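# the following block contains a protein sequence and its predicted model.
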Amino acid sequence: MSTNTDIKSITSNRKALHDYFIEDTYEAGLALTGTEIKSVRRGKVNLRDSYARVENGEVWLHNAHISPYEESGTYFNHDPLRPRKLLLHRDEIDSLSGKVQAKGLTLVPLRLYIKDGRAKIELAVARGKRNYDKREALAEREAQREIERTLKSRQR
């Protein structure tokens with residue numbers, strides 16, 4: 001069996017890394033309709049304000065915007081913001097449900113990609129950052145850039 005996995009990154013949710021502390025990540029399949037996968041392959045996806053929720057033993061992705069397919073789409077086109085089912089194993093769903101309910105964590109999509117011809121989403125169990133945490137992370141990043149600049153200038 002070949003282990004050659006072809007991964008094509010479609011989009012990432014950079015705002016999630018700014019607004020949340022990432023505790024754990026999961027890979028989930030994405031149940032899409034006919035024209036949605038065509039829009040995903042073209043990169044017409046926005047994960048900015050999206051989140052996932054465990055409902056009735058299933059995981060659903062909310063507020064992910066997948067634009068309607070314009071070329072040959074007809075009245076069968078999809079609603080861009082409809083909830084989409086995420087495909088996970090039962091033990092993963094139970095684990096996610098327990099973490100979200102017990103610890104007050106949230107499920108946030110980090111990136112969407114195509115793996116072996118199928119749409120996958122990287123789902124993170126995350127804890128929200130406070131404003132002072134965001135400022136602290138920004139200051140830390142700036143300090144790291146300054147260190148790199150001085151090292152680079154000394155090497156010249």
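Perfect, I can see it now. Numbers count the residues shown, from 1 in each chain.

# residues of the strand or helix carrying Arg111 that come out buried?
Per DSSP states H and E, Arg111 falls inside strand 106-115. Buried residues in strand 106-115, counting neighbours by 16 or more other C-beta atoms under 10 Å, are found at 106-114. Yep, even glycine has a C-beta here, placed from its N, CA and C like the rest.

# out of those, who's nearest Lys120?
Among the buried residues of strand 106-115, Tyr113 lies closest to Lys120 (C-beta to C-beta), at 5.6 Å.

# biggest helix in this protein by residues?
helix 131-155 (DSSP state H).

# could you give the separation of that helix from the chain centroid?
26 Å (C-alpha atoms, centre = their mean, to the nearest Å).

# who touches it?
18-19, 21, 129 (C-beta atoms under 8 Å, 6 or more residues apart in numbering).

# all strands for the protein, in order.
Assigned by DSSP state E, the strands in the chain fall at 7-12, 20-30, 45-46, 51-55, 58-62, 65-66, 84-87, 106-115, 118-128.

# tell me what the second one is packed against?
Strand 20-30 makes packing contacts with strand 84-87, helix 90-103, strand 106-115, strand 118-128 when contacts are defined by 3 or more C-beta pairs under 8 Å, 6 or more residues apart in numbering; DSSP states H and E.
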